[in-house]
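structure for this input, please:
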Amino acid sequence: MVKKIKLASKRKDFISIYEEYKTYAEKRHKKQGFNTHIRNFDNHILPYFKAVKDIVKIEKKDIINWQNEILGKNFSNKFNDNLYYTFSSFMNFCVDYDYLEENLVLKVEKFKHKIERKEKKVYNLSQFRHFRHYLDSYILKQFFNFMFFYGTRPSEAMALRFCDIDKNLVSINHSIHRRGKRELDTPKNQSSLRKFYISYLMLHRLKKLKKMYIKKYGYFKSDYFVFGGTKPLASSTIDRHKKKACEKANLYEITQHEFRHSYATRLIHKKVPIDYVSRSMGHSRVSMTLDTYVHQEKRIRFRIPFTNKFI
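Numbering: from 1, shown residues only. The predicted structure follows:
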């Protein structure tokens, strides 16, 4: 009886509680993760429940009907799982703050997974060199070199500054928000904080970038972005140059992140120990590397190799 009286005294509409939840969630997520979390909620949860005037009146059947609507949009299994987690986090907040007695989302089964044949596209070394030849920007050439040969995430490469390089030792300390203002942030997880040596050829290329910036700006600062100078490269700029190079090279296009996949696939094909591959990529668990690149290796596709005078 006491619990019911307490709940009744705190009844609020869905939107008002959601505004409180956003303040709560912002303090518990990295900025980029928070933005994704809220964007997914705004686009795929809020439209269905925003008219609810009393959150206590939400029933299990409402959650099931919401799931049916989401399933009709044919999202990936991973995205559906993220939506389930997002909604469940909100409901946990409602329980913790005595707006609800229980998390109804947990009373409903997770989205049933459909069969997915998701094919990873990667470049082998010959294909990468062919692609690189057609890039019309030296900065972009080195950006893609860095991801292909060292397996960094695009956001980590974009955030790299000259102060992160000591001789030929590189420290990955930051990532960058690829949407909006391209602000620096911490990497994806604790394991993403890592150091590795680059070749002297790569070091020479980065020194050449430094000279280019000195010539462009008239001076040099150690906090210049390696791939961009005073400002990091924009993701849209990277994609535009990438698409143009692929068209010129008559190559199928892969995403920025698939250059990282190419790095992992190449090392695994060379029989490099999986624990080394995992650490070099900043994975939090070796099992993540195994699941992504070894257990699914049959799905990873190399197109027909070719030769040309540029290789």
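
number of nearby residues for the closest residue to residue 184 other than its chain neighbours?
Distances taken as CB to CB, 6 or more residues apart in numbering place residue 174 nearest to residue 184, at 4.9 Å, with adjacent residues excluded. For the C-beta atoms, the positions are set from N, CA and C on the backbone; glycine is no exception. Other residues lying near residue 174 total 19 when counted by other CB atoms under 10 Å.

now do residue 174 against residue 279, distance only.
For residue 174, the distance to residue 279 under the criterion CB to CB, to the nearest Å works out to 19 Å.

in the stretch 151-300 of the chain, which spans are strands?
For the stretch 151-300 of the chain, the strands identified by DSSP state E, counting those that start in this stretch occupy 165-166, 169-172, 175-176, 184-185, 194-197, in order along the chain.

between those, which one is nearest to residue 112?
Of all those, strand 175-176 sits nearest to residue 112, with 33.1 Å by CB to CB.

residue contacts, the residue nearest to residue 229 when sequence neighbours are not counted?
If the residues on either side of it in the chain are set aside, residue 229 comes closest to residue 213, at 4.7 Å by CB to CB, 6+ apart. Taking CB atoms under 8 Å, 6 or more residues apart in numbering, we find residue 213 in contact with 220, 224, 229.

quick one, phi/psi of the second one?
Put plainly, it is residue 224. In terms of degrees, to the nearest 10, the main-chain angles of residue 224 are phi -60, psi 140.

between the two ends of stretch 54-65, how far is it?
Across stretch 54-65, the straight-line distance between its terminal residues is 18 Å, by CA to CA, to the nearest Å.

how distant is that stretch from the center of its chain?
Averaged C-alpha coordinates place stretch 54-65 at 32 Å from its chain's average position (CA atoms, centre = their mean, to the nearest Å).

the stretch 1-150 of the chain: helices as residue ranges?
In the stretch 1-150 of the chain, the segments counted as helices under DSSP state H, counting those that start in this stretch are 2-9, 14-26, 31-44, 46-49, 60-71, 77-96, 125-133, 138-150.

closest to residue 274 out of those helices?
Checked against CB to CB, the stretch from those lying closest is helix 138-150, at 17.2 Å.

my read: residue 44 touches residue 82, true?
No. Using CB atoms under 8 Å, residue 44 is not in contact with residue 82; the gap is 9.6 Å.

shared neighbours of those two, anything?
Taking CB under 8 Å, 6+ apart as the contact rule, residue 44 and residue 82 touch no residue in common.

so what pLDDT did residue 289 get?
Residue 289 is assigned a predicted lDDT (pLDDT) of 75.

residues touching it, list them.
By CB under 8 Å, 6+ apart, the contact set of residue 289 is 264, 274, 277, 278, 281, 283.

next one: stretch 114-133 to chain centre, how far?
Stretch 114-133 has its average C-alpha position 18 Å from the chain's average C-alpha position, going by CA atoms, centre = their mean.

with just CA atoms, put that stretch into CSV.
What follows is stretch 114-133, C-alpha atoms only, in CSV (Å, rounded to 0.1, in the frame of the first residue of the first chain):
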residue,chain,number,x,y,z
LYS,A,114,16.8,-13.0,-37.9
ILE,A,115,19.3,-14.7,-40.2
GLU,A,116,21.8,-12.2,-41.4
ARG,A,117,24.4,-12.8,-44.1
LYS,A,118,26.4,-9.7,-43.5
GLU,A,119,29.5,-9.7,-45.7
LYS,A,120,32.6,-7.8,-44.7
LYS,A,121,34.4,-6.2,-47.6
VAL,A,122,38.1,-5.6,-47.2
TYR,A,123,41.1,-4.8,-49.4
ASN,A,124,44.2,-7.0,-49.8
LEU,A,125,47.5,-5.2,-50.1
SER,A,126,47.5,-5.0,-53.9
GLN,A,127,44.0,-3.5,-53.9
PHE,A,128,44.9,-1.0,-51.2
ARG,A,129,47.9,0.2,-53.1
HIS,A,130,45.8,0.6,-56.2
PHE,A,131,43.2,2.6,-54.3
ARG,A,132,45.8,4.8,-52.6
HIS,A,133,47.3,5.7,-56.0
